[in-house]
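S.K.: pasting a predicted model and its sequence here:
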Amino acid sequence: MLPFYSEPMTTAPALHIGSAAGFSGDRPDAAGPVVDELIRLGGPAALVFETLAERTLALAQLARRNDPSTGYEPLLQDMLAPVLARCLAHGIRIVGNFGAANPTGAARHIARLARELGLRQPHIAVISGDDLSGPEHRDLLQQTFGNQLDGLRIVSANAYIGAESIAQALRAGADIVVAGRIADPALALGPALAHFGWRMDDWDRLAGATMAGHLLECGAQVTGGYYADPGIKTVPGMARLGYPVARLEADGSCVISKPEGTGGLIDRHVVTEQLLYEVHDPAAYLTPDVVTDISQARLDEIGPDQVRLSGVLGHPCTPTLKVNVCHENGWLAEGEISYAGPRAEARARLAAEVVRERMGADLSIRTDLIGVLSVLADDSGTALAAQPLSAAQDVRLRLALRHADRTVAQRLLREVTALYTCGPAGGGGVRTHLRPTLGTVSGLVPRDRVITRFHMLEDGHA
């Protein structure tokens, strides 16, 4: 079990923190080798799951509207089932923001899973306070956003909260901490606060642990996954990438490594890329717990697949917290059809012209020719119009329309389907899809207006 200290301990044993997920839908088999490595290393350890992106919470809220028992990470069972027994047996604490829009529902699911596996009932803590979508928070949102929210159908509103509630829950004996919109690096800072007994104004140590969490938060990105570029940046064993493990010291420094025998690469170049990922200002990276400064940080390769991060500085946290408000934003219709053989591109272009003419000139329809031009930000069609006709013989046409009116969006799907027999020649493999879209408005709310707390499940029930 993690030892906890009521006063800062400069000689406390190192804390190992393993990353088991970097986003919702990440590989469910990632956690196994990480847990094996934590057991091999011995000593106090935590396993963190980071499964929230900017709009994941809004999608979870939509799911919960349809079924109030859902709204948390869909792969929760797949992610936890292979490792839950070993974590409980070896005192490895689990911390995750996989609660999304329904942390209590996720906690109950974990309790059921433990019973199904014949395990002892874990102590499960649920963090609350990030969800600002209720009517009691409308005045706060109105003060923050003013008329930006007028007429919007709000789906979710969540503040990015910090690590203190995680630490409190762990100190209270939680084996597993389930949260919603905890800021990504706080998932690692929380166990560090509980383990080392740092004060919440011990800025340099908080900043060091925060950047350790930042390196862990995207999973296999820091072990070479997002770094790999064949012939330029070679990463071995990409099909069996190991997820990272941080050895966090009492001074806030850390060493990033990966499980023995796994694929991937950890060197100064890879870690530098992840260290700078999403950092708008290296001297003032804002998080809920601390403003971190990596302008004087050092990265040192201390062994194979081992990089030490030190020299991170910290400054007092800001008086505000970031909040994202997601709202309904119409419909996205997508239709695809394939053309092959001689003059395939010419036939695909003609098909696009037919659909655009039938839909009307007042609608903005995006055209992609997959295999010719489909990646550029070309919603206006300017780049495609300037692209000379090629001899491509394998082209898939994609047409997309975003519109507030579902009926209008559905018309695009019917027009693409009609290309089967209305021509041009040789089209086939039609696929259509219609889905609601979300918009996002971001702002800052006073931190003293966001009250976070935790509660424990009792016998698997809130």
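M.R.: Cool, got the structure.
S.K.: every contact and neighbour count from this point should use C-alpha atoms.
M.R.: OK.
S.K.: list the buried ones in stretch 274-288?
M.R.: 274-275, 282-288 (16 or more other Cα atoms under 10 Å).
S.K.: what helix or strand is the nearest residue to residue 399 once chain neighbours are set aside on?
M.R.: With Cα to Cα, 6 or more residues apart in numbering as the criterion, residue 399 has its nearest non-adjacent residue at 4.9 Å, and that residue is residue 367. Secondary structure assignment for residue 367, by DSSP states H and E: strand 366-370.
S.K.: distance between that strand and the chain's centre?
M.R.: Offset of strand 366-370 from its chain centre (Cα atoms, centre = their mean, to the nearest Å): 28 Å.
S.K.: any idea of the mean pLDDT in that strand?
M.R.: What strand 366-370 shows for mean pLDDT is 96.
S.K.: only C-alpha atoms, please: export the helix or strand following it in PDB.
M.R.: Counting by DSSP H and E, the next helix or strand C-terminal to strand 366-370 is helix 382-386. C-alpha atoms of helix 382-386 as PDB (Å, rounded to 0.1, in the frame of the first residue of the first chain):
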ATOM      1  CA  THR A 382     -10.200  25.900 -53.300                       C
ATOM      2  CA  ALA A 383      -7.300  23.500 -53.200                       C
ATOM      3  CA  LEU A 384      -9.300  20.800 -55.000                       C
ATOM      4  CA  ALA A 385     -10.300  23.200 -57.700                       C
ATOM      5  CA  ALA A 386      -6.700  24.100 -58.300                       C
END
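S.K.: in helix 382-386, what's buried?
M.R.: Applying 16+ other Cα under 10 Å to helix 382-386 flags residue 384 as buried.
S.K.: ok, so what distance separates the nearest residue to residue 31 once chain neighbours are set aside from residue 130?
M.R.: The spatial neighbour of residue 31 that comes closest, neighbours along the chain excluded (Cα to Cα, 6+ apart), is residue 20 at 4.5 Å. To residue 130, residue 20 is 23 Å away according to Cα to Cα, to the nearest Å.
S.K.: same question, residue 72
M.R.: As judged by Cα to Cα, residue 72 and residue 130 stand 14 Å apart.
S.K.: more neighbours, the two?
M.R.: Higher neighbour count among residue 72 and residue 130: residue 72, with 31 against 22, using other Cα atoms under 10 Å.
S.K.: list the contacts of residue 54.
M.R.: By Cα atoms under 8 Å, 6 or more residues apart in numbering, the contact set of residue 54 is residue 324.
S.K.: oh, that last question was meant for residue 193, not what I typed.
M.R.: For residue 193, the contact set (Cα under 8 Å, 6+ apart) comprises 163-164, 167, 199.
S.K.: only whichever of the residues you listed are buried, select them in ChimeraX.
M.R.: The following ChimeraX line selects those of the contacts of residue 193 that are buried, judged by 16+ other Cα under 10 Å:
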select :163,164,167
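S.K.: in TSV, list the contacts of residue 193 along with pLDDT.
M.R.: As requested, those are exported to TSV (pLDDT from 0 to 100):
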residue	pLDDT
163	98
164	97
167	98
199	97
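S.K.: re earlier: how many residues are close by the residue nearest to residue 399?
M.R.: Applying other Cα under 10 Å, we find 23 residues neighbouring residue 367.
S.K.: that one contacts residue 379, doesn't it?
M.R.: Yes - between residue 367 and residue 379 there is a contact under Cα atoms under 8 Å: 7.4 Å.
S.K.: related to what we said a few turns ago, just checking, which of the contacts of residue 193 belong to helices?
M.R.: Cross-referencing the contacts of residue 193 against helices under DSSP state H gives 164, 167.
S.K.: as JSON lines, the contacts of residue 193 with distance to residue 179 would be great.
M.R.: Formatted as JSON lines, the contacts of residue 193 follow (distance: Cα to Cα, whole Å):
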{"residue": "163", "distance to residue 179": "10"}
{"residue": "164", "distance to residue 179": "12"}
{"residue": "167", "distance to residue 179": "12"}
{"residue": "199", "distance to residue 179": "22"}
